[in-house]
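Novice: the following block contains a protein sequence and its predicted model.
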Amino acid sequence: MSLRNIPQAKVLQSLPISKHFFSTSPLPNTNVLQRPNTNTRNSHPAISSNKIIRTHLRNGNLGTARQVFEKITVKMIFSWNLILTGYSKPGMLKEALQLFERIPEPDVFSFNIMLSCYFNNFELERARLLFDGMPVRDSASWNTMISGLCRNGKMEEAWEVFSAMPGKNDIAWSAMISGYIQAGDLDSAVSLFDGAPESDKGVFSWTAMMTGFMAFGRVEAARELFDNTPERNLVSWNSMIAGYVKNCRAEDGLKLFRTMVGSGVGPNPSTFSSVLLGCSHLSALELGKQVHQFINKSPLQFNVTCGTSLLSMYCKCGDLENANKLFSEMPRRDVVTWNAMISGYAQHGFGERAIQLFEKMKTGGTKPNWITFVGVLLACNHAGLVELGVQYFNSMEKDYKVEVKPDHYTCMVDLLGRAGLFDEVVELISKMPFQPHSAIYGTLLGACRIHKNLELAEFAAQKLLDLNPFSAAAYVQLANVYAAMSRWDGVARVRQSMKESKVVKTPGYSWIEVQSEVHEFRSGDRTHPQLASINEKLNELEKRMKAAGYVPDLDCALHDLEEERKELILSRHSEKLAIAFGLISTLPGTPIRVFKNLRVCGDCHNATKFISAIEEREIIVRDTTRFHHFSNGVCTCGDYW
């Protein structure tokens, strides 16, 4: 992946059971896989076949691997176990059982693979029956049983097996710790970790505990463990980096990444996924480009996961051009890659391109999943393609066998609501197969603001508050509807209700990256060192904009004030300050990328169109819902957002 313009997963009575399951005599070769004599190691035809089978399995070509396996004249136990592993995935239990029945003399590895297969297919009682009937068990048998029960939330059963396990090892301890964390029982995890003998506590247990602390937001406790762990591996570093990013401390995660690389630990795709997600959270495009250079110089240059993470980073940081270039140059793509690019086009307002890419994805043989359709429906939403969106929504289960999820309903409420089709929205919500979640009513509130539907807005706000009494969004959106209709008494009541309920509105701010440094602005900012120059630029822009026909949208000022005062408040909104700073701090003709933590207001949207024409600049603004690309007085959203 090159970038030319950058310089650096009740047992039934009828259960088919092999005659070997309850054999009382030990199985041959149970401690090691049966291998050919070393003197004939390179000449035995099964050896080369095994290599070919393994390669096909790694590439996901199970059918081809099976064909090679069936052609082996004398099949060793290693070959049986190898192909059986390919069938241990979810949804292939029947085939795995049929294959297992054919093994002449299954060894402990064969049993372990089947045990894992049962858990991958959520057959817990069958797994327990198999485990209890195994003539020989090794540590992997116990670990597989414990981890399988933990993954399925059966902590009491897992504890029973763990307590009975002879010679407990680090993997068993870490599985139990992770199981308690997954079950939401951090105290039990901590107690187990603290009570484990130091000789049994290895890197996996320490890492499991770090991950647990991060999952519960106890970042400093995780860092203390990390600093004190007697041994670290790549998983330890990845756990900490990912934890920082997930806990909104991406900058600390990126610093730790630098320390990791400096200590000589080589990153893997999981590392880069977390690091690039951190870049996205910080909107740090230049740093993301540096990570791209790092990947290009590593053996992971053509790794699909790394490529997809890079693609997603570029989209989320507003650089759709390089995202598209990277996508076109990727030698291999999976469904996640396609989804990232489709969603990227959708978020940036290029609905038709997203739809075209979706059709190309299907033609190329990649099967869409539920995430694909979230992107497709977003594309239809942001482009105002109402009829097409309805067609795709209705075809999901019928034509693609994809289950409709809450996210799809949210997209449809937004699509229909923005088009003013409120009867259809109410009908859709009433027919949902599950209780409407908060995003449904929040989305409906936004549509009510656009179309000034006060009655439905009050209904949606109450429903949203019933689900979340402390939702600032419910109050703010309702206040927006009242303000748009100049109902200042309604705005005052909403503000009073917020005060009485002790609900605090999230303050709005915008930020822009200039020369790898992030500058943050709040509305009416008085702290930036270049504020005088910024205000001077805004005053100049205001004169030129009004001369070009710009009229401030005073409905966007949510206060009952004099018009002149409203204009002044609007003129110093955070996104306008960030844009002005970008104009005076970057070279003429270069794009400006501004990011905002709230939805961009109508006046700022209109003003930015004028600024893009006056300054002959492309201005890219990302808010909480999408990207807006302003150029020559036009926005890619077509004023439909």
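Specialist: Okay, I see it.
Novice: how about low-confidence regions in the stretch 1-150 of the chain?
Specialist: 1-46 (pLDDT under 70).
Novice: and with 90 instead?
Specialist: Residues of the stretch 1-150 of the chain meeting the criterion pLDDT under 90: 1-76, 78-83, 85, 87-89, 91-92, 99, 101, 104-106, 135.
Novice: next: the stretch 351-500 of the chain.
Specialist: Low-confidence segments of the stretch 351-500 of the chain (pLDDT under 90): 365, 382-384, 438, 442, 445-452, 454-455, 461-462, 464-500.
Novice: the strands in it, which residues?
Specialist: In the stretch 351-500 of the chain, no strands are defined using DSSP state E, counting those that start in this stretch.
Novice: do the stretch 151-300 of the chain as well
Specialist: Ranges of strands in the stretch 151-300 of the chain, per DSSP E, counting those that start in this stretch: none exist.
Novice: what ranges does the stretch 51-200 of the chain have for its helices?
Specialist: Using DSSP state H, counting those that start in this stretch, the helices of the stretch 51-200 of the chain run over 62-70, 77-86, 93-102, 108-120, 124-133, 139-151, 155-164, 170-182, 186-195.
Novice: how far does the helix or strand harbouring residue 314 sit from the chain's center?
Specialist: In the assignment (DSSP states H and E), residue 314 maps to helix 304-316. From the chain centre to the centre of helix 304-316 is a distance of 11 Å (C-alpha atoms, centre = their mean, to the nearest Å).
Novice: mind checking the end-to-end distance for stretch 163-175?
Specialist: Counting by C-alpha to C-alpha, to the nearest Å, you get 13 Å between the two ends of stretch 163-175.
Novice: just put the helices of the stretch 51-200 of the chain in JSON lines and tack on mean neighbour count and distance to residue 207.
Specialist: Quick note: C-beta positions are derived from backbone N, CA and C, even for glycine. As requested, these are exported to JSON lines (neighbours: other C-beta atoms under 10 Å; distance: least, C-beta to C-beta, whole Å):
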{"stretch": "helix 62-70", "mean neighbour count": "16", "distance to residue 207": "31"}
{"stretch": "helix 77-86", "mean neighbour count": "22", "distance to residue 207": "25"}
{"stretch": "helix 93-102", "mean neighbour count": "17", "distance to residue 207": "30"}
{"stretch": "helix 108-120", "mean neighbour count": "24", "distance to residue 207": "21"}
{"stretch": "helix 124-133", "mean neighbour count": "18", "distance to residue 207": "26"}
{"stretch": "helix 139-151", "mean neighbour count": "22", "distance to residue 207": "14"}
{"stretch": "helix 155-164", "mean neighbour count": "16", "distance to residue 207": "18"}
{"stretch": "helix 170-182", "mean neighbour count": "24", "distance to residue 207": "7"}
{"stretch": "helix 186-195", "mean neighbour count": "16", "distance to residue 207": "11"}
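Novice: count the neighbours of the closest residue to residue 436 other than its chain neighbours for me.
Specialist: Nearest residue to residue 436 in three dimensions, chain neighbours excluded: residue 429, at 5.6 Å (C-beta to C-beta, 6 or more residues apart in numbering). When neighbours are defined as other C-beta atoms under 10 Å, residue 429 has 18 of them.
Novice: which parts of the stretch 201-350 of the chain are helices?
Specialist: Under the criterion DSSP H, counting those that start in this stretch, the stretch 201-350 of the chain contains helices at 203-215, 219-228, 234-246, 250-262, 269-282, 285-296, 304-316, 320-329, 335-347.
Novice: in JSON lines: those helices, plus mean pLDDT, distance to residue 133 and mean neighbour count.
Specialist: Formatted as JSON lines, the helices of the stretch 201-350 of the chain follow (pLDDT from 0 to 100; distance: least, C-beta to C-beta, whole Å; neighbours: other C-beta atoms under 10 Å):
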{"stretch": "helix 203-215", "mean pLDDT": "94", "distance to residue 133": "28", "mean neighbour count": "24"}
{"stretch": "helix 219-228", "mean pLDDT": "96", "distance to residue 133": "40", "mean neighbour count": "16"}
{"stretch": "helix 234-246", "mean pLDDT": "96", "distance to residue 133": "33", "mean neighbour count": "23"}
{"stretch": "helix 250-262", "mean pLDDT": "94", "distance to residue 133": "45", "mean neighbour count": "17"}
{"stretch": "helix 269-282", "mean pLDDT": "95", "distance to residue 133": "37", "mean neighbour count": "23"}
{"stretch": "helix 285-296", "mean pLDDT": "94", "distance to residue 133": "48", "mean neighbour count": "20"}
{"stretch": "helix 304-316", "mean pLDDT": "95", "distance to residue 133": "39", "mean neighbour count": "25"}
{"stretch": "helix 320-329", "mean pLDDT": "95", "distance to residue 133": "51", "mean neighbour count": "18"}
{"stretch": "helix 335-347", "mean pLDDT": "96", "distance to residue 133": "39", "mean neighbour count": "23"}
